[in-house]
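Q: predicted model follows, preceded by the sequence.
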Amino acid sequence: MSPDQPNWGPPRPPQQPPYQQQWSPQQPPYQQQWQQLPPPPPGPGPRRGLLIGILVGGLIFAILATVGTYLFVQSRDDTAAAPTPTSSTKSSVEPSSSPSPTAGRPEKLDAVVSALTSAGFACSDSLTEPVLVVRCFAEPALSDGDQVVTLQAQDDAVTYAHLKVDTFDQADETTKLYQAAMTAVTSTLLPPADAAILRTSKEREPRIGWGKARQSHGDGNTRHDLTLTAKGTSPKILLDGQTKATVAKVTQAARSKGFTCKVKPDIHVTACSQTRGTEVYSIDSYSICGTAQEQKGYCDTVGGNASWVNAYVGFGKTVNEAMVARILAHLQLTADLALGESSAEVRQWIGDHLDGKAHHTDLAGVHLAILPGSGGRGHAGNNPNIVSLEVEGIRAY
């Protein structure tokens, strides 16, 4: 490994980043406050009963003694039948740390997700309204482009699948990944005869009995696209995804952390930056509703939250544990701002995937992407001294 390369990923040739950012030194780094989850509520305790008999002489004494004996035995039986606070009983009242991935999914959808997972994709439930949407991303992702499978389910049936696998110049990897995704989806979703047709057909719209199919392949095998729509249905087009915070709130919070912010009205971006020694940190947020009055009608319809909030970190040639901790804290802070609150689940995902590779997921109602090298928004790059986190609204189609 070259001494100029950070130690969390494979060596890559240095490349001038595609953007030039103006940075200015600011106050010392912020201190990140970690939230602690409250302890789970205690489990139910055993019940106790108390039998008090008042013994009186004579015939009354005999009668009460008989009845009292019966009630005493019955009370002990009831107590023995009550649930004890075992580990299985406690689990029913404690929040699950890893909810079942199959909850609420149709059986066929679960089968497709399982096949895609085996093919090297990581899947999550992206949306539940107006239809159930599951998106699966290559894990890890290729360094640029999109490698995603979108699935929609209505009335307990999978009605739509969209496979999109493309890169700039990685033809072999792109084709191999597409073939794996296509085989996983068609072999579990379609009848065998339809799956066989799609494996060999070169037609743009192959005829299949399950429904409609449309495919395209181009740009020297760096772009592959396949859509499948069940007979008698149509996909829901979901395009207006947003984050959970406005640009104004993100900017205000960034300034409170010592960032200098500048509005760029021509591109509808507010860019905030801070320099700490040799490290440069930024938080950029975008919303056409925040800077363009001519879009008022559109913004009144979709709301004014940021479409995306991105974090960039530029750092020196040597990466140590302290620097990685600072970078992680900055990426987690940016996610908190985009969500309008701190999410332990999102913070954990970021920490688990800060490894020098590209990763994508849908979580907490937004799309998250960690992109080393920063080849521009939506893409990783070749500069070994930059890493970025993108938080954007889900746009599943």
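A: Thanks, I have the structure now.
Q: any idea how far the residue nearest to residue 173 when sequence neighbours are not counted lies from residue 170?
A: Of all residues not flanking residue 173 in the chain, residue 142 sits nearest, at 5.7 Å (C-beta to C-beta, 6 or more residues apart in numbering). C-beta: built from backbone N, CA, C; applies to glycine. For residue 142, the distance to residue 170 equals 6 Å [C-beta to C-beta, to the nearest Å].
Q: what's near enough to touch the residue nearest to residue 173?
A: Residue 142 makes contact with 167, 170, 173-174, 177, 358, according to C-beta atoms under 8 Å, 6 or more residues apart in numbering.
Q: looking at those, state which has the most neighbours.
A: Neighbour tally across the contacts of residue 142 (other C-beta atoms under 10 Å): the maximum, 26 neighbours, falls on residue 358.
Q: and that residue, what are its bridge partners?
A: residue 141 (DSSP bridges).
Q: state the phi and psi torsions of residue 139.
A: phi -130, psi 110 (degrees, to the nearest 10).
Q: report the separation between it and residue 126.
A: For residue 139 relative to residue 126 (C-beta to C-beta), the value is 15 Å.
Q: the two: which is more packed in?
A: residue 126 (24 against 17).
Q: in which helix or strand does the more buried one reside?
A: Using DSSP states H and E, residue 126 maps to strand 121-127.
Q: what's the first helix or strand after that strand?
A: Using DSSP H and E, the helix or strand that follows strand 121-127 towards the C-terminus is strand 132-138.
Q: domain ranges for this protein?
A: The record, using automatic domain parsing to delimit domains, assigns the chain the ranges 107-230, 247-393.
Q: tell me which two in the contacts of residue 142 are the farthest apart.
A: Based on C-beta to C-beta, the longest span within those runs between 174 and 358 and measures 13.9 Å.
Q: buried residues in the helix or strand containing residue 329, which are they?
A: Using DSSP H and E, residue 329 sits in helix 321-339. Buried positions in helix 321-339, judged by neighbour count with 16 or more other C-beta atoms under 10 Å: 323-324, 326-339.
Q: repeat that for stretch 234-254.
A: 235-236, 238, 241-247, 249-251, 253-254.
Q: among these, which one has the lowest pLDDT?
A: Within those, pLDDT reaches its minimum at residue 238, with 73.
Q: pretty sure that one contacts residue 362?
A: No - using C-beta atoms under 8 Å, residue 238 is not in contact with residue 362; the gap is 11.8 Å.
Q: overlap in contacts of those two?
A: Listed as contacting both residue 238 and residue 362 by C-beta under 8 Å, 6+ apart are residue 394.
Q: and the gap between the residue lying closest to residue 341 once chain neighbours are set aside and residue 128?
A: Spatial nearest neighbour of residue 341, excluding adjacent residues (C-beta to C-beta, 6+ apart): residue 244 at 7.7 Å. Separation of residue 244 from residue 128 (C-beta to C-beta) stands at 16 Å.
Q: ok so, going back, lowest average confidence across the domains of the chain, which one?
A: Among the domains of the chain, domain 247-393 carries the lowest mean pLDDT, a mean of 87.
Q: and it, how far apart are its ends?
A: End-to-end distance of domain 247-393 (C-alpha to C-alpha, to the nearest Å): 13 Å.
Q: any idea of the angle the strand holding residue 126 forms with strand 132-138?
A: Interaxial angle of strand 121-127 relative to strand 132-138 (axes from the mean of the first three to the mean of the last three C-alpha atoms, to 10 degrees): 150 degrees.
Q: check which strands are paired with strand 121-127 and give the direction for each one.
A: With DSSP bridges as the test, strand 121-127 is paired with strand 132-138 (antiparallel).
Q: buried residues in the strand it pairs with?
A: Residues of strand 132-138 classed as buried under the neighbour-count rule (16+ other C-beta under 10 Å) are 132-138.
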